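S.K.: what's the 3D shape of this:
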Amino acid sequence: MLTVGGIPAHPLVVHAAVVLLPLAAIGAVVVALRPSLRRSLGIPLALVTIVGVLAVPIATRTGDQLREALGGGSPLVEVHEERADNLLPWAVLFGLLVLVSVVVGRMADRAAAAVAEIEPIAAGGVGPRTGATAPATTRATTRATTQTATRAAIRAVTLRRVATTAGLLAALAGIAVAALVVWIGDAGAQSVWQGVGG
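M.R.: Residues are numbered from 1 along each chain as shown. So this is what the prediction gives:
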């Protein structure tokens with residue numbers, strides 16, 4: 001059995017999932033409601049989510065080791081274990097949705113910035129970086145630049161929609177994961193503390 005300082009690792013490791021997954025769920029809801037916060041919260045949200053998701057199989061493994069070291073478990077331990085077996089698929093789904101939301105959202109931000117640079121040039125205006133007026137061009141060149149700007153705008157809008165959808169789905173999955181964590185933790189706490197102090 002894995003121990004940390006002589007203490008079974010399960011009660012220690014499980015707190016990573018218990019704290020980080022609901023925290024990530026709150027972050028996912030905040031970013032879904034205020035997508036502009038994705039720029040500042042996206043990377044920390046992704047990191048917290050990844051660590052929380054990785055804590056789930058470690059908590060499950062150390063829980064199995066603890067149960068075996070104690071010579072089996074009570075019916076409440078079995079309930080706790082059965083509930084915990086449901087968490088990993090939901091946590092992985094949540095993690096993937098958060099990553100898609102963050103990565104595609106950053107791609108959308110870059111695409112929107114590119115459109116902001118191309119559109120004035122396509123219109124024959126001043127480029128935002130150079131401050132110079134676009135030279136006189138032929139109709140074919142103007143048409144090609146306009147088509148490039150249109151494609152870039154479509155790409156930016158599509159990426160934004162994907163990021164928004166993934167963000168909303170991540171928020172919903174995060175709420176489900178947080179509820180599962182509470183439900184699983186309740187059974188675990190009851191298995192340890194039932195009949196103590198009262």
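S.K.: now Arg38: how far from Val31?
M.R.: 5 Å (C-beta to C-beta, to the nearest Å). Where C-beta positions appear, they are placed from N, C-alpha and C, glycine not excepted.
S.K.: Quickly list what's touching both of the two.
M.R.: 101, 167 (C-beta atoms under 8 Å, 6 or more residues apart in numbering).
S.K.: Could you check which of the two has the larger neighbour count?
M.R.: Neighbours were counted for Arg38 and for Val31 using other C-beta atoms under 10 Å; Val31 has more, 27 against 23.
S.K.: Now do the helix or strand that one falls within, average pLDDT.
M.R.: Assigned by DSSP states H and E, Val31 belongs to helix 9-33. For helix 9-33, the mean per-residue pLDDT is 95.
S.K.: so what does that helix touch, helix or strand wise?
M.R.: helix 38-69, helix 87-122, helix 139-193 (3 or more C-beta pairs under 8 Å, 6 or more residues apart in numbering; DSSP states H and E).
S.K.: ok, and the closest non-adjacent residue to Val29?
M.R.: With C-beta to C-beta, 6 or more residues apart in numbering as the criterion, Val29 has its nearest non-adjacent residue at 4.5 Å, and that residue is Ala171.
S.K.: my guess is the one you found contacts Ile26, does it?
M.R.: No - the criterion here is C-beta atoms under 8 Å, and Ala171 misses it with Ile26 at 9.5 Å.
S.K.: Among these two, which residue is more densely surrounded?
M.R.: Ala171 (23 against 16).
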